[in-house]
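Asker: with the sequence up front, the predicted model follows.
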Amino acid sequence: MDDYDIVVAGGGPVGCFAAKQLALKGRHVAIFEEHMTIGEPVHCAGLVTQRVLDISKCSKIGIIQNKIYGAYIHSPSGTTLTIGDKKVHGLVINRQKFDENIAQKAQKAGASLSLEHKVVSAKKQENHITLSIQKNEQTQTVRCNILIGADGSHSSIRKIFGFPYPIEMLQGISAELSDTTLDPRFVHIFIGHNIAPGFFAWVIPTNTHGTTARIGLCIGKQSNHPLQHYYAALLQQPILQETTVMKRFGGVIPLGPLKKTTNDNVMIVGDAAAQIKPTSGGGIYPGLFCAVQCASVAEEALQKQQFNGQFLKHYHTKWTKEIGRELSLGMQFRKIFTNLTDEHLNKYLEKLNNHKTIEIINTYGDIDYPSKLALPLIRTSPSLLTLAPVMLRRNKH
Ligand SMILES: Cc1cc2nc3c(=O)[nH]c(=O)nc-3n(C[C@H](O)[C@H](O)[C@H](O)COP(=O)(O)OP(=O)(O)OC[C@H]3O[C@@H](n4cnc5c(N)ncnc54)[C@H](O)[C@@H]3O)c2cc1C
């Protein structure tokens, strides 16, 4: 039986990033990934902020595909709010190359990475975890002091160790397009019940000429039609006429930060822990951010040989203190948003569509920390609060 200090279930960016940090400390770390290629299949629109590259120290070459300066937000009635323009608000990345880069860094630091190895079961025994790992028809048993569950939205580690389930699971669909004629500096966001009930649809130019794009949408549980129906409607948008679909993929976004992310000898991180921004569905930044806290507490636990849930809980306390509030506020905002009718969405966007408000959005808008915008926005446009009673009243039902 192989013995490790740390086993990471899942070779996504979050798991590999946590593994890298622990391997750099000289720990004996193994990553098990069920797929045969890192980064595939892709389930991501690839829109991130500079913070993602800063925190991961990921190479920019071959990874950054385009820079985003602003957004056209399309209301259900078809009017458009244009925000941004002068500064870079987001980066479009090649997600597969990004994942590969982080996995390579983990291996370079000394972590072992086994592809096509699926974690099929895990059990606490005395002061360690014993795991069964399957490759093809063969099963191998490994043992570790700490198991890090970074196995994504459908995490089996979350299930095996009885962690809470995310509040919501958004269903997503996405596609790579060519032959687009887009302004490469701006993304398009579409909101409304006929286009993406419970969330939004996006069109993201993926090169500096605007000739390729990644499009997609997510829907919440209140949708009347299947995902395919909304995807077909998105493709009918005038800006997507006469484009070519190159590749299509789906995915799930778990929302609602978990109340518990540690147990005896076990920690969960990234999508497995629903560490995702509820307003945008962006999980790479919060996931990497929490991986830092996860690795740091795991390292301390190894130094002190303390693997009980009480000690590992420091990780839960740390990440909730740093980023938990932002995620919880995002859930509150989401609750309000999902209760708005198309009529309210039209009115809301109309109120935002003036020079002063747009200036505030451009100054304070931050994809990773959307709550920073709330106060300055209300201060500039107190009339936005007139919508609040409507929202709150609808919220009670
Ligand atoms: C449609 C869509 C669009 C998105 N767009 C964006 C975006 O633009 N920006 C952004 O920041 N985020 C986006 N996200 C979210 C982002 O993709 C995730 O938050 C991110 O991938 C989380 O990384 P992770 O390492 O936690 O999980 P994952 O990337 O899901 O990695 C988990 C890994 O675990 C492996 N695994 C699972 N079970 C096992 C097992 N039993 N044994 C071994 N391996 C296993 C999987 O194969 C996978 O490789 C999007 C998500 C979707 C669905």
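Answerer: Perfect, I can see it now.
Asker: only C-alpha atoms for contact and neighbour calcs from this point on.
Answerer: OK.
Asker: give the closest residue to Tyr369 in space, chain neighbours not counted.
Answerer: Glu326 (6.7 Å; Cα to Cα, 6 or more residues apart in numbering).
Asker: what sits against the one you found?
Answerer: Lys277, Tyr369, Pro370, Ser371 (Cα atoms under 8 Å, 6 or more residues apart in numbering).
Asker: and the residue nearest the centre of the chain, its phi and psi?
Answerer: The centroid of the chain falls nearest to Gly283 when counting by Cα atoms, centre = their mean (1.6 Å). Dihedral pair for Gly283: phi -120, psi -10, per degrees, to the nearest 10.
Asker: also Asp99?
Answerer: phi -60, psi -40.
Asker: make TSV from the contacts of Glu326 and add distance to Leu302, secondary structure and pLDDT to it.
Answerer: Listed next are those as TSV, based on distance: Cα to Cα, whole Å; DSSP: H, G, I helix; E, B strand; the rest coil; pLDDT from 0 to 100:
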residue	distance to Leu302	secondary structure	pLDDT
Lys277	31	coil	96
Tyr369	33	coil	89
Pro370	36	helix	84
Ser371	36	helix	83
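Asker: circling back: part of a strand, is the residue nearest to Tyr369?
Answerer: No. Under DSSP: H, G, I helix; E, B strand; the rest coil, Glu326 sits outside any strand and is assigned helix.
Asker: determine whether any part of stretch 22-38 lies close to the ligand.
Answerer: Yes. Interface with the ligand: stretch 22-38 contributes Phe32, Glu33, Glu34, His35 (Cα under 6 Å from any ligand atom).
Asker: what mean pLDDT does that stretch get?
Answerer: The predicted model assigns stretch 22-38 a mean pLDDT of 98.
Asker: need the residues that contact it.
Answerer: With Cα under 8 Å, 6+ apart as the criterion, stretch 22-38 contacts 4-12, 15-16, 19, 96, 99-100, 103, 106, 109-119, 295-296, 298-299.
Asker: for stretch 296-308, same thing?
Answerer: Here stretch 296-308 has contacts from 5, 22, 25, 127, 145-146, 263-265, 311-312, 314-315, using Cα under 8 Å, 6+ apart.
Asker: what about Glu322, neighbour count?
Answerer: Neighbours of Glu322 under the rule other Cα atoms under 10 Å: 12.
Asker: top of the residues of stretch 22-38 next to the ligand by neighbour count?
Answerer: Glu33 (25 neighbours).
Asker: so is stretch 148-167 next to the ligand?
Answerer: Yes. Stretch 148-167 is in contact with the ligand by Cα under 6 Å from any ligand atom, via Ala150, Asp151, Gly152, Ser155, Ser156.
Asker: make a ChimeraX selection of the buried ones in these.
Answerer: Buried residues among these (16 or more other Cα atoms under 10 Å), as a ChimeraX selection:
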select :150,151,152,155,156
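Asker: among the residues of stretch 148-167 next to the ligand, which two are most distant?
Answerer: In these, two members sit farther apart than any others by Cα to Cα. They are Ala150 and Ser156, at 9.6 Å.
Asker: how about the residues of the stretch 51-200 of the chain by the ligand?
Answerer: His117, Lys118, Val119, Val120, Ala150, Asp151, Gly152, Ser155, Ser156, Gly172, Ile173, Ser174.
Asker: contacts only, for the third one.
Answerer: To tie it back to what came earlier, the one meant is Val119. So Val119 contacts Ala9, Phe32, Glu34, Leu131, Ser132, Ile133, Gln134 (Cα under 8 Å, 6+ apart).
Asker: surely the first one meets Leu147?
Answerer: Yes. Using Cα atoms under 8 Å, Ala9 and Leu147 qualify as a contacting pair, with a distance of 7.4 Å.
Asker: now stretch 197-211: mean pLDDT?
Answerer: 97.
Asker: nope, stretch 41-53 is what I meant
Answerer: 95.
Asker: run through who's touching it.
Answerer: Contacts for stretch 41-53 (Cα under 8 Å, 6+ apart): 59-60, 89-96, 174, 204, 214-216, 249-252, 282, 284-285, 288, 367-368.
Asker: and the nearest residue to the residue nearest to the centre of the chain once chain neighbours are set aside, how many neighbours?
Answerer: Among residues not flanking Gly283 along the chain, Ile276 sits closest, at 4.2 Å (Cα to Cα, 6+ apart). Residues lying near Ile276 (other Cα under 10 Å) number 25.
Asker: residue contacts, Ile276?
Answerer: So Ile276 contacts Ile253, Pro254, Leu255, Gly256, Pro257, Gly270, Gly282, Gly283, Ile284, Pro286, Gly287, Leu327 (Cα under 8 Å, 6+ apart).
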